[in-house]
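A.B. asks: Take this sequence and fold it.
(chains A, B and C)
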Amino acid sequence: MSLNYTLNNIPERTIKPRDKGITMVMDKGLSLRQAEDFLEVAGIHTDIIKLGWATSFVTPNLEEKLKLYKEANIPVYFGGTLFEAFIVRDQFDDYRRTLDKFGMEYAEVSDGSIDINHEEKCQFISKLSEQVTVISEVGSKDATKIFAPYKWIQLMQAEINAGSWKVIAEAREGGNVGIYRDSGEVRQGLVDEILTQIPEEKIIWEAPQKAQQVWFIELIGTNVNLGNIAPAEVIPLETIRLGLRGDTFNHFLNQK
Amino acid sequence: MSLNYTLNNIPERTIKPRDKGITMVMDKGLSLRQAEDFLEVAGIHTDIIKLGWATSFVTPNLEEKLKLYKEANIPVYFGGTLFEAFIVRDQFDDYRRTLDKFGMEYAEVSDGSIDINHEEKCQFISKLSEQVTVISEVGSKDATKIFAPYKWIQLMQAEINAGSWKVIAEAREGGNVGIYRDSGEVRQGLVDEILTQIPEEKIIWEAPQKAQQVWFIELIGTNVNLGNIAPAEVIPLETIRLGLRGDTFNHFLNQK
Amino acid sequence: MSLNYTLNNIPERTIKPRDKGITMVMDKGLSLRQAEDFLEVAGIHTDIIKLGWATSFVTPNLEEKLKLYKEANIPVYFGGTLFEAFIVRDQFDDYRRTLDKFGMEYAEVSDGSIDINHEEKCQFISKLSEQVTVISEVGSKDATKIFAPYKWIQLMQAEINAGSWKVIAEAREGGNVGIYRDSGEVRQGLVDEILTQIPEEKIIWEAPQKAQQVWFIELIGTNVNLGNIAPAEVIPLETIRLGLRGDTFNHFLNQK
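C.D. replies: Reported below is the predicted structural model:
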């Protein structure tokens, strides 16, 4: 499993392209060289890249970077806030044209900052899935908007039915809303209940903080889908998945 | 406004060279290639670069980096702590020679770590403004030294009169002193009162933390002057200025 | 002392190779270019590099990076968690072969995640010191395992006797266990007592957070051995050692 030396009894890791064990990385404005550096070290461990929220609006190297990621064979998509920025301006058709212009094969549909009714959100998911692979996000960026577990399940189910390839559980770059409390702590009861109804491989948990990654890996396993990982944290995350960092070292040993 | 696609009703952003809407970036020891990477992505959004405190004392690539920033047409200056390190050693003339030796066109005058009376500080501002464009900083790095709003105003006014191009409101790299409480929270009453007397375009607010950037952008607007921004945070900041990140997404929409 | 300009009365800094004043840097997955960038800026200030915990298991560029650091004449070692990962799997001989295969001249022996009796740990130190220079680490990664000062001293002494070149006081990448409280605050009484018995040059204090670096520099001096420093924090640390950042600016002046 390692490229460099052999350790016995390492948890089995799925390989790319995979449906479970996905690492979604957030690029919030890397230069081309920084993107190459990230790919050199972490490309083999990265399944999909999000260009964070609407950073693509102000980055001058967009086309070249998309080309770079395409050559590395890693799908890329614009953060959901960009979708929302188009929607709130009544520019859905412009959004679709923008996806085409840049040859995007994935897109995110979210409503973290806008208020639309859920039926309408699902219609956007349906329409966009004719054009691209859709990832949709559940949960508000507003820390005061908390909904009950049955509601999370209902929303996720409806979005999957509407055509979402995966649903993302919102946490933001900071990891302090949605499935997390203000403090960054996981809302455990919520996660447990979601998992009774939604297959784990359909969900990507945003988990930018190490303690959150550890928590999901210990709950769901080595091959949990995790998102909003910073480029420099992909290697550390990979060691946590394999029980090769202090945090999960004993967790995996005890399972044997 | 964007380089990549069009969104309607984006807040109007000033363009470089500008007097309002300045982003001051802190370089605390970038390599040449890292500086190039930063310029590739964020150069068009960066108005001025500070080589943090006295990091220039121990960086081996100083001359080449200054050359790089000069070619990119972005002014650079040594952090105020370097000025203070010369002053406290009674080496003001050496400081002036050092500015000349490296062809510096800007300099910072501060008293965050040293005790000098304010008249003397203003004399340094006067003398240095014959040689370079002076930025001066108000506020102590010592969290226990808090002064009243009228005092902040008095000091800022006197320094502007003495020749400062802009005054900086101290916050440090960490964003937890001066205009901020220990916790990083803004001292709102203080800021409001300062703005009744000092024109906003004369002030650069040090705002290294995202919540602080959001706070000032919502109070003063898209084109507030902000400082101590980390190189990798310039793109994120630019989206916050434009209402294209969750934090300010609704703030700007509601203004329309 | 500076490469760029002269300031009087700067604290005297030891030079490489040195026994006191060591900066140990943690590389947790740099690309080759990032490693070169780090060396360009901070190579002259870096004494030894740790490839954090078992990150070497999943990094694709291991051999080339070791070559790069060797050419820069900076010793490198695998983090102690890798040693423990081999030991807990009863693969000590494989570990020794791995060290040989990659031409390692240093190795860390630790028991932060595994339970072995201390005699056995000292035997590993003895055996490995025939092959490489050994650094051993005292203190658990488990925040609930706290031992008394006399115990720290006993363990450190025994490990030095067994052949450790230096002993490391555990703190992790986060700086919140071992010699630190949960909050990251130093356990001052513990450190004071250790220093009555163990020569300061034999200890490397893990101090990833700035406040911790400041604390040790003010207690022990400019040339204290510090570890787990992030690559981008070597230049800032160097200024703190020299009293050229706000944090220690007055500490060193007052000593004159």
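
A.B. asks: So which bits of chain A are right by chain C?
C.D. replies: Chain A has residues A:2-9, A:33, A:36-38, A:40-42, A:44-45, A:210, A:232, A:234-236, A:238-239, A:242, A:244-246, A:249-250, A:253 near chain C, with proximity defined as CB under 8 Å from any CB of the partner chain. Bear in mind the C-beta positions are built from the backbone N, C-alpha and C, glycine included.

A.B. asks: Kindly recompute the last result at 7 Å.
C.D. replies: A:2-9, A:33, A:37, A:40-41, A:44-45, A:232, A:235-236, A:238-239, A:244-246, A:249-250, A:253 (CB under 7 Å from any CB of the partner chain).

A.B. asks: Show me which of the residues you listed are buried.
C.D. replies: Of the members of those, the ones counted as buried by neighbours, 16 or more other CB atoms under 10 Å in any protein chain shown, are A:5, A:7, A:33, A:37, A:40-41, A:44-45, A:232, A:235-236, A:238-239, A:244-246, A:249-250.

A.B. asks: what subset of those is also close to chain B?
C.D. replies: Intersecting these with the contacts of chain B gives residue A:33 (criterion: CB under 7 Å from any CB).

A.B. asks: doesn't residue A:83 make contact with residue A:54?
C.D. replies: No. Judged on CB atoms under 7 Å, residue A:54 makes no contact with residue A:83 at a distance of 9.2 Å.

A.B. asks: burial of the residue lying closest to residue A:249 once chain neighbours are set aside, as a residue count?
C.D. replies: By the measure of CB to CB, 6 or more residues apart in numbering or on different chains, the closest residue to residue A:249 outside its immediate chain neighbours is residue C:113, 4.1 Å from it. When neighbours are defined as other CB atoms under 10 Å in any protein chain shown, residue C:113 has 24 of them.

A.B. asks: go on, residue A:53?
C.D. replies: The number of residues packed near residue A:53 is 32, by other CB under 10 Å.

A.B. asks: Surely it is within a helix?
C.D. replies: No. Assigned with DSSP: H, G, I helix; E, B strand; the rest coil, residue A:53 falls outside any helix and is coil.

A.B. asks: Give me the nearest residue to the residue in chain A that chain B sits nearest to, chain neighbours excluded.
C.D. replies: Using CB to the nearest CB, the point where chain A gets nearest to chain B is residue A:29, with a distance of 3.3 Å. Counting by CB to CB, 6+ apart, the nearest residue to residue A:29 once its immediate chain neighbours are dropped is residue B:235, at 3.3 Å.

A.B. asks: measure residue A:29 to chain C for me?
C.D. replies: Taken as CB to the nearest CB, to the nearest Å, the spacing of residue A:29 relative to chain C amounts to 17 Å.

A.B. asks: My read is that that residue contacts residue B:41, right?
C.D. replies: Yes. Using CB under 7 Å, residue A:29 makes contact with residue B:41 at a distance of 5.4 Å.

A.B. asks: anything in contact with each of those two?
C.D. replies: A:59, B:235 (CB atoms under 7 Å, 6 or more residues apart in numbering or on different chains).

A.B. asks: hey, where'd the strands end up in the stretch 101-250 of chain A?
C.D. replies: Counting by DSSP state E, counting those that start in this stretch, the stretch 101-250 of chain A forms strands over residues A:106-109, A:133-138, A:164-169, A:203-206, A:226-229, given from the N-terminal end onward.

A.B. asks: what about residue A:34, distance to residue C:30?
C.D. replies: When distance is defined by CB to CB, to the nearest Å, residue A:34 is 12 Å away from residue C:30.

A.B. asks: now swap in residue A:167 and tell me
C.D. replies: In this view, residue A:167 and residue C:30 are 34 Å apart by CB to CB.

A.B. asks: try residue A:141
C.D. replies: Taking CB to CB as the measure, residue A:141 falls 32 Å from residue C:30.

A.B. asks: Check residue A:21 too.
C.D. replies: Going from residue A:21 to residue C:30 by CB to CB gives 24 Å.

A.B. asks: higher neighbour count, those two?
C.D. replies: The residue with more neighbours, out of residue A:21 and residue C:30, is residue C:30; 26 against 20, by other CB under 10 Å.

A.B. asks: and that one, what are its phi and psi?
C.D. replies: Comment: the main-chain dihedrals of residue C:30 come out as phi -70, psi 150, following degrees, to the nearest 10.

A.B. asks: Next, the contact list for it, please.
C.D. replies: C:38, C:231.

A.B. asks: Who does the residue lying closest to residue A:155 once chain neighbours are set aside form a beta bridge with?
C.D. replies: The shortest distance from residue A:155 to any residue that is not its chain neighbour, by CB to CB, 6+ apart, is 4.9 Å, and that residue is residue A:138. With DSSP bridges as the criterion, the beta-bridge partners of residue A:138 are residue A:169.

A.B. asks: number of nearby residues for residue A:138?
C.D. replies: A count of neighbours around residue A:138, defined by other CB under 10 Å, yields 28.

A.B. asks: Isn't it up against residue A:169?
C.D. replies: Yes. With the criterion set as CB under 7 Å, residue A:138 and residue A:169 qualify as a contacting pair; they are 6.3 Å apart.

A.B. asks: which one is residue A:81 nearest to, not counting chain neighbours?
C.D. replies: Skipping the residues right next to it in sequence, residue A:81 comes nearest to residue A:53 by CB to CB, 6+ apart, at 3.7 Å.

A.B. asks: and stretch A:5-19, C-alpha only, in PDB?
C.D. replies: What follows is the C-alpha trace of stretch A:5-19 in PDB, where atoms were taken according to Å, rounded to 0.1, in the frame of the first residue of the first chain:
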ATOM      1  CA  TYR A   5       8.100   0.400   2.800                       C
ATOM      2  CA  THR A   6       5.800  -2.200   4.200                       C
ATOM      3  CA  LEU A   7       3.800  -2.200   7.400                       C
ATOM      4  CA  ASN A   8       1.500  -5.100   8.200                       C
ATOM      5  CA  ASN A   9      -2.100  -4.900   9.000                       C
ATOM      6  CA  ILE A  10      -2.800  -1.400   7.500                       C
ATOM      7  CA  PRO A  11      -6.600  -0.800   7.100                       C
ATOM      8  CA  GLU A  12      -7.600  -1.400   3.500                       C
ATOM      9  CA  ARG A  13      -8.000   1.800   1.500                       C
ATOM     10  CA  THR A  14     -10.100   2.000  -1.600                       C
ATOM     11  CA  ILE A  15      -8.300   3.200  -4.800                       C
ATOM     12  CA  LYS A  16      -9.300   5.900  -7.300                       C
ATOM     13  CA  PRO A  17     -11.700   6.200  -9.000                       C
ATOM     14  CA  ARG A  18     -13.800   5.300  -5.900                       C
ATOM     15  CA  ASP A  19     -17.200   5.700  -4.500                       C
END
